[in-house]
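Student: Everything below, folded, please.
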Amino acid sequence: MSITDPTDAVELLLVEDNHDDAQFIERLIDERHAALEREGTDAPLEIAAIDHVDCLEAALERIRTDSPDVVLLDLLLPDSRGLETIERVVEYAPDLPIVVVTGQNETEIGVEAIQCGAQEYLSKGTVTGETILRTLRYAIERSRHQRELVDRNHRLALLNRIVRQDIRNDVSMIVGLGDQLRHGIDPNDERTLELLLDSAGHAVDLTDTAAAVIDVIAADGVEDEPCELYAILEAEITQIRRDHDVEVTLEREDSADGPVIVHASPMLGSVFDHLLVNAVVHSDQSPPQVTVTLETTETDVTVTIADDGIGIPDSQKQALADPNTRFSARSGMGVGLYLVTTLLESFGGHLEITDNDPRGTQVAVTLEREPL
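Tutor: Sure, this is the predicted structure:
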């Protein structure tokens, strides 16, 4: 039986060569179930059946013919001893939750058992019916969570390949072929070609951003390290000046002129890249004017990006700054802003969006400074 909910009744395979120990464990489970039933209390885990075998080969045969929902496994068996026992079960049934039963003074072995693939371990010297039921439930839940993570990572790997290779290659080919048409196209169609190339170029940028989002999701965040904020800002501003017809001013409103070290990661550059691009492409001015201001305190640093564009409605500003609405359609959050908010959350950073005076938007990013 394949369990999808740890609150369902489960089948337990008990692998124990000492029949007195096996009977003791079964009695503890039965007595705990009976006590909870008298109290009118739900058990942490309802065990529908216990199947006892006394060697590893019998356990593997039972798993092959009618797999249980969870295994309670002794490590000292006639045909297998120690961590090799776990490794053989894991190799045979990698998705099956395993709880190891150890001797009273084998805590270190229990930890090593988890490293080999078991979900939990119990000590024979301190085991009770309650701890057995709870530990088995935790093992089932942990195993299910691990399977979901593996499945998610496989899906993300496939999506990553599609975005980085298949889609990006096809769109890049469209850009290249369209560019070759520039000199031979009818003048009446030049505007159409420019729109086509702009859209294709935007699609290429989106695939790059989507790939970065996939990387962050697959890694469950990013690895933090000290980063020199001012140098990152200068690099991103230089790039935006090179790529767009825009006036960008960088102002530093602290008395120091040395490096500003923040708690972030090298992907911090992606945050400012997307915020600067948003400030430019959503402006109705020609050329757009963007002011970047850096302010520091002893503990924090705030980078404010102010533009002179059309501004953002109050309802959307609130939605963009609220991580709880990140997946809501009303947030208006594109993939770039999703990447920004996800990265800032992993850094422990903060995003605030307000109106600029006399027009436009101010986006303030606050980050924690690294101690000098």
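
Student: who's V365 bridged to?
Tutor: Taking DSSP bridges as the rule, V365 bridges to V303, L351.

Student: E345 versus that one, what's the distance?
Tutor: Distance of V365 to E345, given as Cβ to Cβ, to the nearest Å: 12 Å. To be clear about C-beta, it is placed using only N, CA and C from the backbone, and glycine gets the same treatment.

Student: Look at the two and report which has more neighbours.
Tutor: The neighbour count for V365 versus E345, taken as other Cβ atoms under 10 Å, is higher for V365 (23 against 15).

Student: contacting residues for the more buried one?
Tutor: V271, F272, L275, T302, V303, T304, I305, L344, G349, H350, L351 (Cβ atoms under 8 Å, 6 or more residues apart in numbering).

Student: can you list those residues in JSON lines and add neighbour count and pLDDT?
Tutor: Formatted as JSON lines, the contacts of V365 follow (neighbours: other Cβ atoms under 10 Å; pLDDT from 0 to 100):
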{"residue": "V271", "neighbour count": "26", "pLDDT": "89"}
{"residue": "F272", "neighbour count": "23", "pLDDT": "92"}
{"residue": "L275", "neighbour count": "22", "pLDDT": "91"}
{"residue": "T302", "neighbour count": "17", "pLDDT": "94"}
{"residue": "V303", "neighbour count": "26", "pLDDT": "95"}
{"residue": "T304", "neighbour count": "19", "pLDDT": "95"}
{"residue": "I305", "neighbour count": "22", "pLDDT": "95"}
{"residue": "L344", "neighbour count": "19", "pLDDT": "86"}
{"residue": "G349", "neighbour count": "23", "pLDDT": "89"}
{"residue": "H350", "neighbour count": "15", "pLDDT": "88"}
{"residue": "L351", "neighbour count": "19", "pLDDT": "88"}
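
Student: between the residues you listed, which is closest to P94?
Tutor: Ranked by distance to P94 (Cβ to Cβ), those are led by L344 at 36.5 Å.

Student: That closest one: helix or strand, and which one exactly?
Tutor: If you go by DSSP states H and E, L344 is part of helix 335-347.

Student: just checking, what packs against that helix?
Tutor: Judged by 3 or more Cβ pairs under 8 Å, 6 or more residues apart in numbering; DSSP states H and E, helix 335-347 is in contact with helix 190-218, helix 268-281, strand 350-355, strand 361-368.

Student: now that helix and helix 190-218, what's the angle there?
Tutor: In terms of direction (axes from the mean of the first three to the mean of the last three Cα atoms, to 10 degrees), helix 335-347 departs from helix 190-218 by 20 degrees.

Student: What distance do you get for S265 to G348?
Tutor: Distance, S265 to G348, by Cβ to Cβ: 11 Å.

Student: ignore the last one, S172
Tutor: 36 Å.

Student: Any idea how many residues pack against F347?
Tutor: 22.

Student: Isn't it up against H263?
Tutor: Yes - taking contacts as Cβ atoms under 8 Å, F347 lies within contact range of H263: 6.4 Å.

Student: overlap in contacts of the two?
Tutor: Residues touching both F347 and H263 (Cβ under 8 Å, 6+ apart) are D224, L367, E368.

Student: For the last one, give me its contacts.
Tutor: Same thing as E368. The neighbours of E368, taking Cβ under 8 Å, 6+ apart as the test, are V262, H263, T299, D300, F347, G348, G349.

Student: now do the first one
Tutor: The neighbours of D224, taking Cβ under 8 Å, 6+ apart as the test, are H263, A264, S265, S346, F347.

Student: Try it again at 10 Å.
Tutor: Going by Cβ atoms under 10 Å, 6 or more residues apart in numbering, D224 touches V262, H263, A264, S265, S346, F347, G348, E368, E370.

Student: try the second one
Tutor: With Cβ under 10 Å, 6+ apart as the criterion, the residues that contact L367 are 227, 229, 260, 262-264, 268, 271, 300-303, 344, 347-350.

Student: hmm, 6 Å instead?
Tutor: V262, V301, G349 (Cβ atoms under 6 Å, 6 or more residues apart in numbering).

Student: wait, which of those is closest to G125?
Tutor: Of these, the one sitting nearest to G125 (Cβ to Cβ) turns out to be G349, at 48.2 Å.

Student: how close does the closest one get to E112?
Tutor: For G349, the distance to E112 (Cβ to Cβ) stands at 39 Å.

Student: How many neighbouring residues does E57 have?
Tutor: Residues lying near E57 (other Cβ under 10 Å) number 13.

Student: repeat for G110
Tutor: Using other Cβ under 10 Å, G110 is surrounded by 19 other residues.

Student: Please list all residues in contact with it.
Tutor: Applying Cβ under 6 Å, 6+ apart, one finds that G110 lies in contact with T102, Y121.

Student: and what of H282?
Tutor: H282 neighbours (Cβ under 6 Å, 6+ apart): G309.

Student: Number the chain from 3, please
Tutor: Understood, numbering begins at 3; the last thing we discussed is H284.

Student: For it, what are phi and psi?
Tutor: Main-chain dihedrals, H284, degrees, to the nearest 10: phi -100, psi 20.

Student: Quick check: the gap between it and D56.
Tutor: H284 sits 71 Å away from D56, going by Cβ to Cβ.

Student: ok, back up a step: looking at S174 and G350, which one has more neighbours?
Tutor: S174 (15 against 12).

Student: Mind telling me what element the more buried one is part of?
Tutor: Per DSSP H and E: helix 170-182 holds S174.

Student: That helix relative to helix 192-220, how many degrees between them?
Tutor: 160 degrees.

Student: for helix 170-182, packing partners?
Tutor: Contacts defined by 3 or more Cβ pairs under 6 Å, 6 or more residues apart in numbering; DSSP states H and E place helix 170-182 against helix 192-220.

Student: re the thing from before, in JSON lines, list the helices and strands packed on helix 337-349 along with distance to R163.
Tutor: Formatted as JSON lines, the helices and strands packed on helix 337-349 follow (distance: least, Cβ to Cβ, whole Å):
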{"stretch": "helix 192-220", "distance to R163": "10"}
{"stretch": "helix 270-283", "distance to R163": "21"}
{"stretch": "strand 352-357", "distance to R163": "31"}
{"stretch": "strand 363-370", "distance to R163": "32"}
